[in-house]
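>>> One predicted model, sequence on top.
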Amino acid sequence: MATSLRSKSFQKNLLMSIGGIYILFAACFSVYQYQREKDYKIDIMHSRLQMYNYEMVQSLGEDSLSNERLFYGYVHRHNMEGLRVSIIDKAGKVLLDSYDTNTDSLSNHLLRTEIQHALQEGNGYDIKRTSESTHETYFYSATRFHDLIVRTAVPYSAELTRSLQADNTYLYFALILTLLLGTVLFWSTRRIGSHIGYLREFAVKAEKGEELDHELERRLPDDELGDISHTIIMLYWKLRHSEEDKIRLKRQLTQNAAHELKTPAASIHGYLESILENPDMPEEKRRHFLERCYTQSERMTKLLLDMSALTKLDELEEDRHTHRQEFRPVNILAVIQNVLDDTALQLQERHIQTEIHVKHDVEVSGDQSLIYSIFRNLIDNAIAYATGATRLRITCTELSSKGLHSYEFLVSDNGTGVSPEHLSHLFERFYRIDKGRSRKLGGTGLGLAIVKNAVAAHGGTATASTTPGGGLTIRFTLSRF
């Protein structure tokens with residue numbers, strides 16, 4: 001019942017909102033159209049009187065306009081009912097007038113509206129002004145010819161008033177159209193309201209955790225709104241499954257972290273316990289135990305740091321847009337050189353030669369510390385696990401697709417490589433190919449996971465493949481600055 005009432009309330013609000021906007025638009029358009037048609041008819045009347053003025057000038061000539069005999073003769077020959085013609089100079093003085101021959105008794109016309117417009121624009125008119133001499137209401141139209149102004153005026157008769165009025169037929173048409181559109185709008189908003197009711201019913205059930213049957217989907221109409229409703233429902237299911245996957249991954253991460261920390265913690269505990277229980281232990285053996293404690297504590301520290309880095313990357317992934325606004329240009333060759341300087345001793349011990357094929361001007365948009373961690377973890381991974389490798393190669397290729405520019409990087413070695421069944425799992429957290437060997441080398445199983453998440457934070461992707469001829473190749477992309 002509550003859903004039905006809310007659906008009707010939504011329909012009512014939607015109908016009133018859209019209907020109100022349409023009615024306001026129709027009213028404004030009607031007023032505009034009414035005034036436009038009225039102005040159009042006034043322009044027609046003004047044009048007719050202007051035509052009379054021009055014909056008079058053409059017949060008499062501009063030099064003969066002030067000739068009294070010619071003026072009255074022309075007006076007499078072209079007489080129209082109620083027409084009044086005046087000749088006025090630029091100072092506003094009436095020189096000749098077809099109604100009043102005693103022009104000295106007429107007041108100055110300089111400030112009259114039609115005269116002002118004629119002086120400024122060449123012609124002008126005035127509507128419904130009462131004459132001081134005849135006390136009748138006229139429509140005035142004036143035209144300037146050099147130093148003289150010809151003004152004609154027609155009285156406002158019932159016929160003239162009707163001819164200047166706007167035609168109201170379109171108002172009836174607009175009213176009928178409004179009623180028809182209102183009916184269509186009512187049924188449309190009613191249908192939308194029913195869709196909202198379906199979605200609300202689904203939302204209420206989802207919020208309460210009730211069992212969601214398929215009856216709701218079957219009731220959705222087969223149109224665009226039905227498709228949108230169906231998409232929302234499917235997104236809900238995907239989100240729900242995604243949340244379940246996140247919970248599962250967090251639980252798995254916690255279990256793996258506890259398992260990884262348990263081994264070095266147990267070792268440290270055992271070594272320290274042996275030292276405390278054997279105060280007479282030889283100094284050489286005591287030192288050996290302390291060195292082992294230090295080694296295991298370093299392993300724990302690295303594990304905790306890697307877990308902290310992954311947590312930070314997860315937070316960046318959730319707020320990716322805000323973080324990317326802080327990206328700055330990063331010179332890749334400079335970052336790679338810093339990593340090689342920091343790992344020079346380890347590379348030398350493993351007899352690994354590096355080949356860098358990256359141009360000096362390659363710059364990407366990103367976070368320098370994260371990009372450093374990408375190359376550092378990849379090189380550390382090669383040093384630790386690329387058995388038999390003698391060469392580490394880093395190449396860069398520029399890519400362009402649909403107006404977007406990026407760089408593709410390949411970090412490859414010529415070691416023994418990785419079996420194909422392991423390639424798709426290399427970026428998983430705590431994944432190890434040889435667990436015993438990885439722990440012996442001090443690995444945390446998080447290095448490539450950090451690489452993948454750091455690349456994803458920059459909007460790129462990372463994949464692993466076998467190097468032609470043997471070895472492992474990590475391929476990833478970063479956006480060009």
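Thanks, I have the structure now.
>>> host element of the residue located most distally from the centre of the chain?
Relative to the centre of the chain, the most outlying C-alpha is that of residue 69, 76.5 Å out, by Cα atoms, centre = their mean. Counting by DSSP states H and E, the element that carries residue 69 is helix 68-77.
>>> for the helix or strand containing residue 384, packing partners?
Using DSSP H and E, residue 384 sits in helix 368-385. With contacts defined as 3 or more Cβ pairs under 8 Å, 6 or more residues apart in numbering; DSSP states H and E, the packing partners of helix 368-385 are strand 328-331, helix 332-342, helix 344-349, strand 391-401, strand 404-413, helix 447-457, strand 472-479. In this view, the C-beta of every residue, glycine as well, is placed from N, C-alpha and C.
>>> and those, which is most packed in?
Across these, averaging neighbours per residue (mean count of other Cβ atoms under 10 Å) puts helix 447-457 on top, at a mean of 23.
>>> tell me the angle of it relative to helix 368-385?
150 degrees (axes from the mean of the first three to the mean of the last three Cα atoms, to 10 degrees).
>>> Check which element follows helix 447-457 along the chain.
strand 462-466.
>>> Give the buried residues for that next one.
Residues 462, 464 are the ones in strand 462-466 that count as buried (16 or more other Cβ atoms under 10 Å).
>>> ditto for stretch 76-84
Within stretch 76-84, the residues that count as buried by 16+ other Cβ under 10 Å are 83-84.
>>> what distance separates that stretch from the centre of its chain?
67 Å (Cα atoms, centre = their mean, to the nearest Å).
>>> ok, back up a step: put the alpha carbons of the helix holding residue 384 into PDB.
Taking C-alpha atoms only, helix 368-385 is exported to PDB below (Å, rounded to 0.1, in the frame of the first residue of the first chain):
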ATOM      1  CA  GLN A 368      56.500   9.000  -8.800                       C
ATOM      2  CA  SER A 369      56.700   6.900  -5.600                       C
ATOM      3  CA  LEU A 370      54.200   4.400  -7.000                       C
ATOM      4  CA  ILE A 371      56.000   4.200 -10.400                       C
ATOM      5  CA  TYR A 372      59.200   3.600  -8.500                       C
ATOM      6  CA  SER A 373      57.600   0.800  -6.600                       C
ATOM      7  CA  ILE A 374      56.500  -0.800 -10.000                       C
ATOM      8  CA  PHE A 375      60.000  -1.000 -11.400                       C
ATOM      9  CA  ARG A 376      61.600  -1.800  -8.100                       C
ATOM     10  CA  ASN A 377      59.400  -4.800  -7.400                       C
ATOM     11  CA  LEU A 378      59.800  -6.100 -11.000                       C
ATOM     12  CA  ILE A 379      63.600  -5.900 -10.800                       C
ATOM     13  CA  ASP A 380      63.600  -7.400  -7.300                       C
ATOM     14  CA  ASN A 381      61.400 -10.200  -8.600                       C
ATOM     15  CA  ALA A 382      63.900 -10.900 -11.400                       C
ATOM     16  CA  ILE A 383      66.900 -10.800  -9.000                       C
ATOM     17  CA  ALA A 384      65.200 -13.200  -6.600                       C
ATOM     18  CA  TYR A 385      63.400 -15.700  -8.900                       C
END
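>>> contact partners of that helix?
Residues outside helix 368-385 that contact it (Cβ atoms under 8 Å, 6 or more residues apart in numbering): 309, 313, 328, 330, 332, 335-336, 338-340, 342-343, 346-347, 350, 352, 364, 389, 392, 394, 411, 413, 415, 433, 438, 441-443, 447-448, 450-451, 454-455, 457-458, 472, 474, 476, 478.
>>> Kindly report the same for stretch 339-349.
354, 356, 372, 375-376, 379-380, 383, 392.
>>> And the strands in the stretch 51-200 of the chain?
Taking DSSP state E, counting those that start in this stretch as the criterion, the stretch 51-200 of the chain carries its strands at 84-89, 94-97, 123-130, 137-145, 148-155.
>>> hmm, back to that, tell me the mean pLDDT over the helix holding residue 384?
The predicted model assigns helix 368-385 a mean pLDDT of 86.
>>> Also stretch 104-122?
For stretch 104-122, the per-residue pLDDT averages 90.
>>> what distance separates the start and the end of that stretch?
25 Å (Cα to Cα, to the nearest Å).
>>> which residues touch it?
Against stretch 104-122 from outside (Cβ under 8 Å, 6+ apart): 86, 88, 90-94, 97, 100, 123-126, 129, 132-133, 140-144, 149, 151.
>>> before we move on, the earlier item: now the angle from the helix holding residue 384 to strand 472-479?
Using the same axes, to 10 degrees: helix 368-385 against strand 472-479 is 170 degrees.
>>> I'd like the distance from helix 368-385 to the chain centre, please.
Mean-position distance between helix 368-385 and its chain equals 36 Å (Cα atoms, centre = their mean).
>>> What angle do helix 332-342 and it make with each other?
Using the same axes, to 10 degrees: helix 368-385 against helix 332-342 is 50 degrees.
>>> hmm, back to that, of the strands of the stretch 51-200 of the chain, which is nearest residue 174?
Proximity to residue 174 (Cβ to Cβ) singles out strand 123-130 among those, at 25.9 Å.
>>> coming back round to it: now the helix holding residue 69: mean pLDDT?
The average pLDDT for helix 68-77 rounds to 89.
>>> In the stretch 101-250 of the chain, where is pLDDT below threshold?
Along the stretch 101-250 of the chain, segments meeting pLDDT under 70 span 158-171, 191-199, 202-203, 205-250.
>>> residues touching residue 328, list them.
By Cβ under 8 Å, 6+ apart, the neighbours of residue 328 are 365-368.
>>> Looking at the strands of the stretch 51-200 of the chain, which is nearest to residue 426?
Nearest to residue 426, of all the strands of the stretch 51-200 of the chain, is strand 123-130, at 87.0 Å by Cβ to Cβ.
>>> just to revisit the earlier point, for the helix holding residue 384, list every residue counted as buried.
Buried-residue list, helix 368-385, by 16+ other Cβ under 10 Å: 368, 370-385.
>>> one step back: what's in contact with the helix holding residue 69?
56, 59-60, 64-65, 83, 85, 87, 96, 98.
>>> Could you rerun that using 7 Å?
Contacts of helix 68-77 with the rest of the structure, by Cβ atoms under 7 Å, 6 or more residues apart in numbering, involve 56, 59-60, 64-65, 85, 87, 96, 98.
>>> the inter-axis angle of that helix versus strand 84-89?
Interaxial angle, helix 68-77 versus strand 84-89 (the same axes, to 10 degrees): 150 degrees.
>>> which ones are touching residue 278?
So residue 278 contacts nothing (Cβ under 7 Å, 6+ apart).
>>> How much space separates it from residue 127?
Applying Cβ to Cβ, to the nearest Å, the value for residue 278 to residue 127 is 119 Å.
>>> next one: residue 340
89 Å.
>>> Over to residue 110?
Using Cβ to Cβ, residue 110 is found at 19 Å from residue 127.
>>> and what of residue 346?
97 Å.
>>> Same question for residue 105.
Taken as Cβ to Cβ, the span from residue 105 to residue 127 is 25 Å.
>>> and these two? which has more neighbours close in?
Neighbour count, other Cβ atoms under 10 Å: between residue 105 and residue 127, residue 127 has more, with 16 against 10.
>>> Where does the prediction get shaky in the stretch 301-450 of the chain?
In the stretch 301-450 of the chain, residues with pLDDT under 70: 302-325, 430, 432-445.
>>> 90 - rerun?
Per-residue confidence for the stretch 301-450 of the chain (pLDDT under 90) gives these ranges: 301-328, 339, 342-343, 345-346, 349, 365-374, 376-377, 380-389, 399-406, 415-450.
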